[in-house]
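Enquirer: Pasted the sequence and its predicted model underneath.
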Amino acid sequence: MGKTADLTVVQKTIIDTLHKEGKPQTFIAKEDGRSQSAVSKHVNRKLSGREKCGRKRCTTNRENCSLERLVKQNRFKNLGELHKEWTEAGVKASRATTYRRVKEFGYSCCIPLVKPLLNHRRRQRRLTWAKEKKKWTVAQWCKVLFSDESKFCISFGVQGPRVWRKGGEAHSPSCLKSGVKFPQSVMIWGAMSSAGVGPLCFLKTKVTAPVYQEILGHVMLPSADQLFKNADFIKSTKSWLNDHGVGVLDWPANSPDLHPLENLWGIVKRKMRNNRPKNADELKATVKKPGLPYHLSSATD
């Protein structure tokens, strides 16, 4: 941490600027987030002329700043696009140099998270819901049955374009993508609670209100009886249930990231990435394969 070699170009520039302004090394170290030893070594190396040893950098600080602006303007540009646009501005640098500079800025090339579009009113409803449910006890959550549908695709390896981001920027709007198109797939309904998971239901048609009511009557209620026995339970879907005497958990709209079953679907899909089903039937068999976290002996078509 205290080595001068660990300092990036930007950090060295900050140290040099503050040192020229007459700031003490303790102040510079605090501002730059480095140890006083690292600051002292850099200043002393520069004063003794040792800082100039080695091969001269092929890009200037101004050119480096222009590259960082390009990254910030569009986080989804790939390395080739960044290099082309940077060199077209008159910078003489190789593709490898472009990559090194971007890494020096603190960026890593990552798979972007996908975030649902929420307006201000929806954000407020989500916040209110979270504050209310924060007071719930374990006993109250144990009475909840969560159900959800998820699409499983034959191909699991297509991740789409990557994004340049720094640590802590995973949820930054400029680092999120809106979504991708999927290949052949099957839609699956499932349910989970503190008592375990219910059987899977493979859906053959589009989920309309009558179809969903049929799922609730023929799959959800038997699952609830199996998981909760004679105990009361709460379902997180509002349609059809009031007429059947089932308590409903209020749920903010457009909020899949709040649903715990989304995490279980994600685990199942990650464990299936090494499988290569060729058709929908093989895909169903893969989902029901022993060893997956959602595996149960029964599944309904």
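Expert: Done, it's in.

Enquirer: what ranges do the strands span in this structure?
Expert: Along the chain, the stretches classed as strands by DSSP state E are 108-110, 144-153, 163-165, 185-193, 196-197, 200-203, 234-235, 247-248, 299-300.

Enquirer: Export those as CSV, with columns for distance to Thr286.
Expert: C-betas here are computed from N, CA, C, even on glycine. Supplementary listing: the strands of the chain in CSV, determined by distance: least, C-beta to C-beta, whole Å:
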stretch, distance to Thr286
strand 108-110, 27
strand 144-153, 8
strand 163-165, 29
strand 185-193, 10
strand 196-197, 17
strand 200-203, 12
strand 234-235, 28
strand 247-248, 34
strand 299-300, 12
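
Enquirer: Out of these, which gets nearest to Gln73?
Expert: Taking C-beta to C-beta, strand 163-165 is the member of the strands of the chain nearest to Gln73, at 10.9 Å.

Enquirer: Determine which of the strands of the chain approaches Ala89 most closely.
Expert: Within these, the stretch nearest Ala89 is strand 163-165; the backing value is 18.0 Å (C-beta to C-beta).

Enquirer: out of the strands of the chain, deepest packed?
Expert: Using mean count of other C-beta atoms under 10 Å, the stretch among those with the largest mean neighbour count is strand 163-165, at a mean of 24.

Enquirer: List the strands paired with that one, with their directions.
Expert: Applying DSSP bridges, strand 163-165 is found paired with strand 108-110 (antiparallel).

Enquirer: Okay, now stretch 149-164: how far is its last residue from its first?
Expert: Terminal residues of stretch 149-164 lie 31 Å apart, using C-alpha to C-alpha, to the nearest Å.

Enquirer: could the strands of the chain be laid out in JSON lines, adding mean pLDDT?
Expert: Output for these, formatted as JSON lines (pLDDT from 0 to 100):
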{"stretch": "strand 108-110", "mean pLDDT": "87"}
{"stretch": "strand 144-153", "mean pLDDT": "83"}
{"stretch": "strand 163-165", "mean pLDDT": "85"}
{"stretch": "strand 185-193", "mean pLDDT": "85"}
{"stretch": "strand 196-197", "mean pLDDT": "86"}
{"stretch": "strand 200-203", "mean pLDDT": "86"}
{"stretch": "strand 234-235", "mean pLDDT": "64"}
{"stretch": "strand 247-248", "mean pLDDT": "70"}
{"stretch": "strand 299-300", "mean pLDDT": "50"}
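
Enquirer: I'd like to know which of those strands lies nearest to Val91.
Expert: Val91 sits nearest to strand 163-165 of all the strands of the chain, at 17.7 Å, using C-beta to C-beta.

Enquirer: got the contact list for that closest one?
Expert: Taking C-beta atoms under 8 Å, 6 or more residues apart in numbering as the criterion, the residues outside strand 163-165 that touch it are 71, 75-77, 102, 107-112, 172, 175, 177.

Enquirer: quick one, which of the strands of the chain is nearest to Glu88?
Expert: Of all the strands of the chain, strand 163-165 sits nearest to Glu88, with 18.7 Å by C-beta to C-beta.

Enquirer: Any of the contacts of strand 163-165 buried? List them.
Expert: With neighbours counted using 16 or more other C-beta atoms under 10 Å, those contain these buried positions: Val71, Arg75, Lys77, Val102, Tyr107, Pro112, Cys175, Lys177.

Enquirer: What is the most widely separated pair among these?
Expert: Longest span within the buried ones among the contacts of strand 163-165, C-beta to C-beta: Val102 and Lys177, 19.2 Å.

Enquirer: Quickly list the domain ranges of the chain.
Expert: Taking automatic domain parsing as the criterion, the chain consists of the domains 4-52, 61-106, 120-300.

Enquirer: Cys65 and Val268: what is the separation?
Expert: Between Cys65 and Val268 the computed distance is 45 Å (C-beta to C-beta, to the nearest Å).

Enquirer: Likewise for Arg62?
Expert: Using C-beta to C-beta, Arg62 is found at 50 Å from Val268.

Enquirer: Which one of the two is surrounded by more residues?
Expert: Set side by side, Arg62 and Val268 show unequal neighbour counts under other C-beta atoms under 10 Å, the larger going to Val268 at 21 against 8.

Enquirer: hang on, the more buried one packs against Val287?
Expert: Yes - contact status for Val268 versus Val287: in contact at 6.9 Å, counting by C-beta atoms under 8 Å.

Enquirer: which intervals of the protein have sub-threshold pLDDT?
Expert: When residues are selected by pLDDT under 70, those of the chain lie in 1-7, 46-54, 155-161, 178-183, 230-244, 248, 253-257, 274, 290-301.
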